[in-house]
Structure formats: C-alpha cells, structure tokens
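# Structure here, sequence nowhere to be found:
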Ligand code: CAA
C-alpha cells in the first residue's frame, strides 16, 4: 500500500521523535494529542532540533528546514486527524486499557484500508489488535529513544497479522530512514529482552559494591563500545518502564537473568524514576551535569 497520510498519536518523547523522523522521510504528518499545549511543546522541540542538529551544522539550509517542518500539522480532534489516514502510529502512554480504547475508536473512525500500528515497548500487541475488528491490519512499530536518531524499528507481529500489513510497516520505517526487523509479539521483543539482563546485572554489581555505577558505565562504553553504559541507559529509559518490561519478560521466560533486581524496586519506592525526574543511578543537575547517587 502506498502510504500518503500518516497519523501519529501522542506527542511525548517517542511521539515527537517519530514525527521528526517521518517529516524528514518526506511524509505529511498529522500529530494528534489531547491538548494543544502538548502539541505546541512538541512542535517547539522538533523546530529546535531541526535548527540545532541540521541547519546549524550546515546539513540543510534554513529554507529546507522550514519546508520539512511545514509537513507537520497538529490536531486535538482524533476524528479529524484520522478519518482519511492510511497508516496510524500510536505512541500514547503505556496503559493497555487506554491503548485498547484508542484502537477501538480508530477502528470506527478510520477507513477499512488503514493500518494501525502501536509503538508499545512493553504491552502485548495482540491484545491491542484484539480491541479492533481488523486484527490483520494491526502491527507493532517499536522505535527507540531518541526516535529521531536511533535507526532501528522492531516490526512486531501479533497473531493474525497480514503479510501486506508487515510489508507496509517495513516500507514506512524505511522511508523514515530506519532499518526494520521482524519479531513475533513476545514480551521485550528483541532489544528489551536482551537489554533487561544487562540492566539487572549492572544493578546487582552496584548493590554488591563490585564497582560504582560510574565505573560500570565507563567500562561498558570503552570496553564494549556501547554508546551509553547500562546504568545511564537504565536512567534514560526510566525505572518504571523497566519494571513493567522486566515483569512481563520474566512472566514469559522465567529466566532468572530477567527477574527485576531489587535495587530497581527500592529506587522506585524512593521516588527515583531515572532521568525523567532527575533521579536515578545519577542525580541530574539543573546545569546539565550529573553526579552519582550514593545508595547508602
Ligand atoms: N534529532 C536529530 N539528530 C540528533 C538528535 C535529534 N533529536 N539528537 C542528536 N542528534 C544527532 C547529533 O546532531 C549528532 O549528529 P552528528 O554526529 O552528525 O553531529 C548525533 O546525533 C549524536 O548526538 P550528540 O553528539 O549530541 O550526542 P551523543 O554522541 O552523546 O549521542 C545518543 C547521543 C544518540 C543518545 C547516544 O548516546 C546513543 O546512541 N545512546 C544510546 C541510546 C539507546 O540505546 N537507546 C535505546 C534505549 S532502549 C529503548 O529506547 C527501548 C524502548 O522501549 C523505549
């Protein structure tokens, strides 16, 4: 299917990053959210990013940047945004009841040919598809944070998905400059299932006092070539999201390596969510620097 009209639902971290990748890929994008102030913030971030990462670096001209930005339209009315969509990418908060409600609504609003994709990283795509009467046209498109930069899209296959839906999701991802891979709908998909044990072991080493979070991060950056060490990456993802993902993966695999380490539970009990509230393995300071958090 030739996707002309692309809708993105949710203008948070993932939604606006996906929207940025999509306008750079040449799509005309309708970005939907429940309130105009969320959309205004997302537009400011995208505009700022075009300026900082592309125009200021001489990668594109200001006129080219303006033309790319002009491909983005915003909506607070779902029906208006989605009524003639070809492809919808949902990136609203990770709440299964909310996602099911939105997919049931989209199923009523959208034309019969519309493909409905979810960006969930922790919820079962099959359950989201089950809220619609078009299970063959529902798929997962899992982008990575920061979505404007990270090249991978996991195309997640719920049971009953049609081959044409998967092919179209691949084509959309490629047009955005991404590299898609296929994975069946199982908890953690590929990347989070593999990252989980790394996050768990890093936390265990911090708890045991084997090494500090800072030294573990330095070691994995310089010794294993990871762009971010496991503690800073866990902070980046957020402990609440990690808890949801690990609980789902452990429930499925029963692998000890995936069982949520108690340190994440304790961090959450202490109100430490990671970078999103400035408190994780590190304290993130207003001047943009960070310092290691002393556990005991
Ligand atoms: N838009 C466009 N380009 C951007 C950008 C943006 N918003 N932000 C950064 N860039 C570009 C920069 O301009 C720079 O480009 P050049 O090399 O051409 O100059 C490049 O990206 C690198 O940026 P920086 O120099 O500012 O910073 P960095 O080198 O420290 O890289 C990073 C930052 C890309 C985030 C890097 O640290 C990284 O890859 N980290 C790992 C992130 C990761 O693993 N994410 C996955 C997490 S798991 C997940 O997401 C799962 C889930 O379920 C949500």
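Sure thing, it's come through. On a predicted model such as this, the values are computed, not experimentally measured, just so you know.

# drop to CA atoms for contacts and neighbour counts, all remaining ones
Noted.

# average model confidence for the top helix by length along the chain?
If you go by DSSP state H, the chain has its longest helix at helix 191-208. Mean pLDDT, helix 191-208: 97.

# So which residues on the stretch 151-296 of the chain come close to the ligand?
Within the stretch 151-296 of the chain, the positions lying close to the ligand (CA under 6 Å from any ligand atom) are 227, 228.

# Mind doing that once more with 8 Å?
With CA under 8 Å from any ligand atom as the criterion, the stretch 151-296 of the chain meets the ligand at residues 191, 192, 195, 226, 227, 228, 233, 236, 237.

# Phi, psi for the fifth one please.
So the one you mean is residue 227. phi -70, psi -30 (degrees, to the nearest 10).

# Give me the buried positions along stretch 274-292.
Neighbour-count burial for stretch 274-292 flags 274, 275, 278, 279, 280, 281, 282, 283, 284 (criterion: 16 or more other CA atoms under 10 Å).

# Residue 284 is in contact with the second one, correct?
The reference is to residue 275. Yes. With contact defined as CA atoms under 8 Å, residue 275 counts as touching residue 284 (6.9 Å).

# The closest residue to residue 239 other than its chain neighbours: how many residues sit nearby?
Distances taken as CA to CA, 6 or more residues apart in numbering place residue 273 nearest to residue 239, at 5.1 Å, with adjacent residues excluded. Counted by other CA atoms under 10 Å, the residues lying close to residue 273 total 24.

# Tell me who's in contact with residue 273.
Contacts for residue 273 were tallied using CA atoms under 8 Å, 6 or more residues apart in numbering; they are 235, 238, 239, 240, 267, 279, 280.

# Now rank these by neighbours and give me the top one.
Within the contacts of residue 273, most neighbours by other CA under 10 Å means residue 280, with 25 neighbours.

# now that residue: how far from residue 215?
15 Å (CA to CA, to the nearest Å).

# again with residue 148
Taken as CA to CA, the span from residue 148 to residue 215 is 29 Å.

# try residue 265
The spacing between residue 265 and residue 215, counted by CA to CA, is 22 Å.

# one step back: in a markdown table: the buried residues of stretch 274-292, plus pLDDT.
Shown next, in a markdown table, are the buried residues of stretch 274-292 (pLDDT from 0 to 100):
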| residue | pLDDT |
| --- | --- |
| 274 | 98 |
| 275 | 96 |
| 278 | 98 |
| 279 | 98 |
| 280 | 98 |
| 281 | 98 |
| 282 | 98 |
| 283 | 98 |
| 284 | 98 |
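
# Mind checking which of the residues you listed are in strands?
282, 283, 284 (DSSP state E).

# Residues in contact with stretch 125-141: which ones?
89, 96, 99-101, 103-104, 107, 114-120, 153-162, 165-166, 169, 185.

# surely residue 61 meets residue 55?
Yes. Using CA under 8 Å, residue 61 makes contact with residue 55 at a distance of 5.6 Å.

# And these two? Which one has more around it.
residue 55 (18 against 14).

# where does the closest residue to residue 190 other than its chain neighbours land in three-state SS?
Spatially, and ignoring its direct neighbours in sequence, residue 190 is nearest to residue 183 (7.0 Å; CA to CA, 6+ apart). What DSSP: H, G, I helix; E, B strand; the rest coil gives for residue 183 is strand.

# got the residue ranges for the strands in this protein?
Going by DSSP E, the chain shows strands at 5-9, 28-32, 72-75, 87-90, 115-118, 138-143, 152-157, 179-184, 282-284, 290-292.

# Let's have these in a markdown table, adding distance to residue 208.
Shown next, in a markdown table, are those (distance: least, CA to CA, whole Å):
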| stretch | distance to residue 208 |
| --- | --- |
| strand 5-9 | 42 |
| strand 28-32 | 46 |
| strand 72-75 | 49 |
| strand 87-90 | 40 |
| strand 115-118 | 38 |
| strand 138-143 | 34 |
| strand 152-157 | 34 |
| strand 179-184 | 35 |
| strand 282-284 | 17 |
| strand 290-292 | 16 |
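
# Can you say which of the ones you listed is nearest to residue 40?
strand 72-75 (8.6 Å; CA to CA).

# Quick one: mean pLDDT over that closest one.
pLDDT averaged over strand 72-75 gives 97.

# what helices or strands is that strand leaning on?
strand 28-32 (3 or more CA pairs under 8 Å, 6 or more residues apart in numbering; DSSP states H and E).

# How many neighbouring residues does residue 95 have?
Count around residue 95 with other CA under 10 Å applied: 11.

# tell me the contacts of it?
Counting by CA under 8 Å, 6+ apart, residue 95 has no contacts.

# gap between it and the ligand?
Distance from residue 95 to the ligand, counting by CA to the nearest ligand atom, to the nearest Å: 14 Å.
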